[in-house]
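Peer 1: Below are the sequence and a predicted model; questions follow.
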Amino acid sequence: MVRQLRKYSKEFKEESAKLAISYGNINKAADELGIPRPTLHEWVNKVKATGGYENDSGLFQPVNVAKVLEENKELKKRLARLEQEKLILKKAATYFARELE
């Protein structure tokens, strides 16, 4: 008996790997998705090993962790600044509301 090879889209591989990781049970996810277990194990292992998902060429790309951490740091700074500005505006609005009374 000859098994026919199936081609899976990049999006399907990505979502299947995410689902299997969130399930915590790769075999169960593979059975539900109708994917051979070894295939899904391979996708999940590549995702876990590289921290990334595949690109258009079908290869898995590592996520640039340093870049993500730097971006996260900058976003936290921006959030803190915006929260401080919001607090200042709230205090100013309260002050002027009292002045109008």
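Peer 2: Noted; the coordinates are in hand.
Peer 1: Check which helix or strand Asn45 maps to.
Peer 2: helix 37-50 (DSSP states H and E).
Peer 1: ok, so what distance separates Ala80 from Glu71?
Peer 2: Ala80 sits at a distance of 15 Å from Glu71 (criterion: Cβ to Cβ, to the nearest Å). Using the backbone N, CA and C atoms, a C-beta is placed for each residue, glycine as well.
Peer 1: mean confidence score for the helix holding Asn45?
Peer 2: Mean pLDDT, computed over helix 37-50, is 84.
Peer 1: Show me what counts as buried in it.
Peer 2: Buried residues in helix 37-50, counted by 16 or more other Cβ atoms under 10 Å: 40-41, 43-44, 46-47.
Peer 1: Tell me the helix or strand right after it.
Peer 2: Per DSSP H and E, the first helix or strand lying C-terminal to helix 37-50 is helix 65-100.
Peer 1: how far is that following helix from where the chain is centred?
Peer 2: 25 Å (Cα atoms, centre = their mean, to the nearest Å).
Peer 1: Same check on stretch 20-37?
Peer 2: Centre to centre, stretch against its chain (Cα atoms, centre = their mean), the figure for stretch 20-37 is 19 Å.
Peer 1: what sits up against it?
Peer 2: 8, 16, 19, 39-41, 43-44, 47-48 (Cβ atoms under 8 Å, 6 or more residues apart in numbering).
Peer 1: I'd like those residues as CSV, with distance to Leu75 appended.
Peer 2: Shown next, in CSV, are those (distance: Cβ to Cβ, whole Å):
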residue, distance to Leu75
Tyr8, 34
Ser16, 30
Leu19, 28
Thr39, 36
Leu40, 33
His41, 34
Trp43, 30
Val44, 29
Val47, 24
Lys48, 25
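Peer 1: Taking these together, which two end up most distant?
Peer 2: Using Cβ to Cβ, the pair of the contacts of stretch 20-37 lying farthest apart is Tyr8 and Lys48, separated by 18.3 Å.
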